[in-house]
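Engineer: Could you look at this predicted model? Sequence included:
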Amino acid sequence: MNLKLVLVFSILATTGAFAQAQQGGPPPGPKPTKADVQKVVQLISSDKVKSQTYCDLAKLSEEIGAADEKKDQKTVDALSKQADALATKLGPEYASLMDGLQQVNPDSPEGKEFGTLLEGLDNLCTKK
């Protein structure tokens, strides 16, 4: 799994969990299945607008990671709000998947399999 995908995977899960904790929101969604991941990849990759939104979100996630490394919480918060808005445009299936991924260890066999499937989305961004 490449670094960009790992970054997106971890930052989106982290910012979602952080936002829910601050708002007293519900716990993470149900743990996703391979079929759930495949469905989301297909939904996004088959829609040009959603594909571009995903790529914009991936770029924003990299910026969040850079700001986090610099311990710039103000920038992280501002960029996270933008990322949340973009994630909403990807649909409820994507949001549910990202919530559920909080329950999956990215280094586990299951997490690696999900990462491989999600690389299909990452590859959409490198084609541009």
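Structural biologist: It's in.

Engineer: From now on I want contacts and neighbour counts done on CA atoms only, so please keep to that.
Structural biologist: OK.

Engineer: what sits against E110?
Structural biologist: By Cα atoms under 8 Å, 6 or more residues apart in numbering, the residues touching E110 are V104.

Engineer: Please identify the helix or strand for it.
Structural biologist: Assignment of secondary structure by DSSP states H and E places E110 within helix 109-126.

Engineer: can you give me the offset of that helix from its chain's centre?
Structural biologist: In terms of Cα atoms, centre = their mean, to the nearest Å, the centre of helix 109-126 is found 11 Å from the chain centre.

Engineer: Point out where the protein drops to low pLDDT.
Structural biologist: Residues of the chain meeting the criterion pLDDT under 70: 1-28, 127-128.

Engineer: Okay, helices next: where are they in it?
Structural biologist: 3-23, 34-45, 48-69, 73-89, 92-101, 109-126 (DSSP state H).

Engineer: Q73 contacts A67, doesn't it?
Structural biologist: Yes: taking contacts as Cα atoms under 8 Å, Q73 lies within contact range of A67: 7.3 Å.

Engineer: for A83, what are its contacts?
Structural biologist: A83 neighbours (Cα under 8 Å, 6+ apart): L57, L60, S61.

Engineer: swap that for E63, please
Structural biologist: L79.

Engineer: how far away is it from S80?
Structural biologist: To S80, E63 is 10 Å away according to Cα to Cα, to the nearest Å.

Engineer: cool, and S46?
Structural biologist: 26 Å.

Engineer: Which one of those two is surrounded by more residues?
Structural biologist: S80 (22 against 11; other Cα atoms under 10 Å).

Engineer: Distance check, that one against I44.
Structural biologist: From S80 across to I44, the span is 21 Å (Cα to Cα).
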